[in-house]
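give me the fold of what follows.
(one chain, ligands or ions: 2)
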Amino acid sequence: MRTAYRVQDVRAAEAALMARLPEGALMRRAAAGLAAACAGLLGRVYGARVVLLVGSGDNGGDALYAGARLARRGAGVSAVALGGRVHEAGLAALLAAGGRVAADPHAALARADLVLDGITGIGGRGGLRPEAVPVVRAARESGAVVVAVDLPSGVDADTGAVEGEAVRADATVTFGAYKPGLLVDPARAYAGAVRLVDIGLGGLLPAAAELEALQHADVARLLPVPGAESDKYRRGVVGVVAGSARYPGAAVLAVAGALRGGAGAVRYVGPAGGAVLARYPETLVHPGPPGGAGRVQAWVIGPGLGDTPGVDDVLASDAPVLVDADGLRLLDPAAVRARPAPTLLTPHAGEAAALLGTARDEVEARRLEAVRELAGRYGATVLLKGSTTLVADPSPGVPVRVNPTGTPWLATAGSGDVLSGLTGSLLAAGLAPRDAASAGAYLHGLAARRAAARGAHGAGPAPAAGAAPLTAHEVAEALPGAWRDVQGGGGRG
Ligand SMILES: NC(=O)C1=CN([C@@H]2O[C@H](COP(=O)(O)OP(=O)(O)OC[C@H]3O[C@@H](n4cnc5c(N)ncnc54)[C@H](OP(=O)(O)O)[C@@H]3O)[C@@H](O)[C@H]2O)[C@@H](O)CC1
Ligand SMILES: [K+]
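Numbers count the residues shown, from 1 in each chain. Ligands and ions are numbered 1, 2, ... in the order given. Alright, predicted model coming up:
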């Protein structure tokens, strides 16, 4: 599992560690890791041209010390100071190693092989300042590899928000711990490939992270495994209330997901029973209302529902309920809060904005805050879909989960219906809402990657590169393979 911590927690851990170490030791560790990562990216350090963008704080200090190390190995290193001050000891180290201050920053950038962004790290506030903007653009246009020190300058470390311009890095070398902005969009998209350098903070960070990203082994531990004694009721029956005369396909897709989520049986309730049975004869169908459908361990309600009633009926049950899509439009926060059993809401950014009474752009710009706010307001677990899907628990101290397997190919009609069915099925199989949501999102993303790759390259194991458009049905059909990947794999993801 990868974990991310807020700036205040990272600073407290750093302070505790610094008190035990000689002056400057921590920065030297950081700079050594940074220089090693740069050397790896350059391939050949001797003769390489490196430009350091240096802000007024310790982030600039890291860049200067790393630059000194590269200069000692024969790189031509020049520094461009962008703040009112510069880290004096770092600058002295660079000059002593044969580096220099760039006489003409733009000329230096035009020739650079690698640019180190040391403008701001965890001390940055707001986007880049105006004087930095043309320099950062020149760095980007030079074709040099851009490596961000700790964080891309201009992004918000704690929220992942990007106000104004920020550095677009090819890689980020971060120290001690991931920060939320490195894992959550929009900031994540500025960070490139993120590498963590251990500076010894382990044991000094809080027990609960701000954010968690599961990996294969974590998801494998969550997935239900039927025992020898299991029958369909013990494995869980998931009830799917979805589809309408207008949108029968949503019912079929939600059932497709539910059949691959580990529940022992899928009970479909609604007007699209014929379409569902034609594709999946193993489904139990009932015309409705949900209260008369028979035994169910978890409900999914909403995909393609239109204005069909049923939400109140389902919310009145004492089983866990997942509410998606059209179900979210009619949702009463008081009814959700009053439920004794857990509720899981799965909005995309537009639906989340409607629930919060704000604009979609606001939710997309501040996904982490939006998902926590929704979970608190509704007293429900919330899965916010999107480029980086997030899962928040209603209790404020519990880490938000961020899904690492997402892919833009999932932005396809009906893929959300598959995710609802799959996640509801995991709920019925007995997973806690936060685990069901994060395992569901993980498998769904992995399935989409597999399906997209198979479309481009024929059947077989998923290759790393290359992909083709995919349909929601293909995502559902790739779920068993994703499930096997997770159970067979180590800690990837
Ligand atoms: N602590 C540790 O043990 C270790 C820390 N380490 C490193 O230190 C970094 C944190 O250093 P830090 O605290 O000096 O903050 P930092 O990010 O350099 O910013 C400083 C100054 O920038 C300015 N500024 C603010 N916003 C701005 C903007 N938008 N655009 C431009 N400038 C802006 C503002 O100063 P102002 O110009 O307002 O006077 C602010 O005070 C951390 O990320 C890691 O790299 C590692 O070495 C490991 C050990
Ligand atoms: K930086």
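
okay, CA-based contacts and neighbour counts for the rest of this
OK.

helices of the stretch 351-493 of the chain, residue ranges please.
Secondary structure of the stretch 351-493 of the chain (DSSP state H, counting those that start in this stretch): helices located at 360-365, 367-378, 415-428, 433-457, 472-488.

pick out the shakiest of these, pLDDT-wise.
Among those, helix 433-457 carries the lowest mean pLDDT, at a mean of 90.

against which helices or strands is that helix packed?
Packing partners of helix 433-457 (3 or more Cα pairs under 8 Å, 6 or more residues apart in numbering; DSSP states H and E): helix 216-222, strand 343-345, strand 381-384, strand 390-392, helix 415-428, helix 472-488.

select, out of the ones you listed, the one closest to residue 69.
helix 216-222 (36.7 Å; Cα to Cα).

quick check: mean pLDDT across that closest one?
97.

C-terminal to that helix, what's the next element?
Downstream of helix 216-222, the first helix or strand assigned by DSSP states H and E is helix 232-235.

quick one: distance of that next one to the chain centre.
In terms of Cα atoms, centre = their mean, to the nearest Å, the centre of helix 232-235 is found 32 Å from the chain centre.

can I get stretch 236-256 in CSV? Just the C-alpha atoms.
Coordinates of each C-alpha in stretch 236-256 appear next as CSV, following Å, rounded to 0.1, in the frame of the first residue of the first chain:
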residue,chain,number,x,y,z
GLY,A,236,-24.3,-13.1,-0.6
VAL,A,237,-27.2,-12.1,-2.9
VAL,A,238,-26.9,-8.7,-4.5
GLY,A,239,-30.1,-7.0,-5.5
VAL,A,240,-29.8,-4.7,-8.6
VAL,A,241,-32.5,-2.1,-9.1
ALA,A,242,-31.6,-0.5,-12.4
GLY,A,243,-32.8,0.1,-16.0
SER,A,244,-36.1,1.4,-17.3
ALA,A,245,-38.1,1.1,-20.5
ARG,A,246,-35.9,3.8,-21.9
TYR,A,247,-32.5,2.5,-20.6
PRO,A,248,-32.7,-1.3,-20.4
GLY,A,249,-29.0,-1.6,-21.2
ALA,A,250,-28.0,-0.1,-17.9
ALA,A,251,-29.7,-3.0,-16.2
VAL,A,252,-27.8,-5.5,-18.3
LEU,A,253,-24.4,-3.8,-17.6
ALA,A,254,-25.0,-3.5,-13.9
VAL,A,255,-25.9,-7.2,-13.7
ALA,A,256,-22.8,-8.0,-15.8
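
starting at the chain centroid, how far to it?
Counting by Cα atoms, centre = their mean, stretch 236-256 comes out at 27 Å from the chain centroid.

cool, stretch 376-390 as well?
Stretch 376-390 sits 12 Å away from the centroid of its parent chain (Cα atoms, centre = their mean).

and the end-to-end length of it?
Using Cα to Cα, to the nearest Å, the end-to-end distance of stretch 376-390 comes to 14 Å.

about what we covered before: including distance to residue 124 and mean neighbour count, could the helices and strands packed on helix 433-457 go into a markdown table?
Listed next are these as a markdown table, based on distance: least, Cα to Cα, whole Å; neighbours: other Cα atoms under 10 Å:
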| stretch | distance to residue 124 | mean neighbour count |
| --- | --- | --- |
| helix 216-222 | 33 | 18 |
| strand 343-345 | 34 | 29 |
| strand 381-384 | 27 | 29 |
| strand 390-392 | 25 | 31 |
| helix 415-428 | 37 | 32 |
| helix 472-488 | 38 | 20 |
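
quick one on the thing from earlier: output the helices of the stretch 351-493 of the chain as JSON lines; include the columns distance to residue 215.
Conversion of those to JSON lines gives the following (distance: least, Cα to Cα, whole Å):
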{"stretch": "helix 360-365", "distance to residue 215": "24"}
{"stretch": "helix 367-378", "distance to residue 215": "20"}
{"stretch": "helix 415-428", "distance to residue 215": "17"}
{"stretch": "helix 433-457", "distance to residue 215": "9"}
{"stretch": "helix 472-488", "distance to residue 215": "9"}
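
out of the helices and strands packed on helix 433-457, nearest to ligand 2?
Closest approach to ligand 2 among the helices and strands packed on helix 433-457 is made by strand 390-392 (25.0 Å; Cα to the ion).

by contact count, what packs against that closest one?
helix 367-378, strand 381-384, strand 400-402, helix 433-457.

of the ones you listed, flag the one that's most buried.
Across the helices and strands packed on strand 390-392, averaging neighbours per residue (mean count of other Cα atoms under 10 Å) puts strand 381-384 on top, at a mean of 29.

who touches it?
Identification of contacts with strand 381-384 by Cα atoms under 8 Å, 6 or more residues apart in numbering yields 342-349, 352, 367, 371, 374-375, 389-394, 433-434, 437.

quick one: which of the helices and strands packed on helix 433-457 is nearest residue 362?
For residue 362, the closest of the helices and strands packed on helix 433-457 is strand 381-384, at 13.4 Å, according to Cα to Cα.

what lines up beside that closest one in the sheet?
Sheet pairing of strand 381-384 (DSSP bridges) gives strand 343-345 (parallel), strand 390-392 (antiparallel).

for the chain, what lies in contact range of ligand 2?
By the rule Cα under 5 Å from the ion, the part of the chain lying against ligand 2 is 117-118, 120-121, 148-149, 151-153.

just the residues you listed: which are in strands?
Counting by DSSP state E, those place 117-118, 148-149 in strands.

kindly supply the ChimeraX command isolating those of these that are buried.
A single ChimeraX command selects the buried members of these (16 or more other Cα atoms under 10 Å):
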select :117,118,148,149
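
in the ones in strands among the residues of the chain next to ligand 2, find the pair that's most separated.
It's 118 and 148 that sit farthest apart of these, by Cα to Cα, at 6.7 Å.

which element is residue 3 on?
Taking DSSP H and E as the criterion, residue 3 maps to strand 2-4.

quick one on the thing from earlier: take the strands paired with strand 381-384 and lay them out in JSON lines including mean pLDDT.
Output for the strands paired with strand 381-384, formatted as JSON lines (pLDDT from 0 to 100):
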{"stretch": "strand 343-345", "mean pLDDT": "98"}
{"stretch": "strand 390-392", "mean pLDDT": "98"}
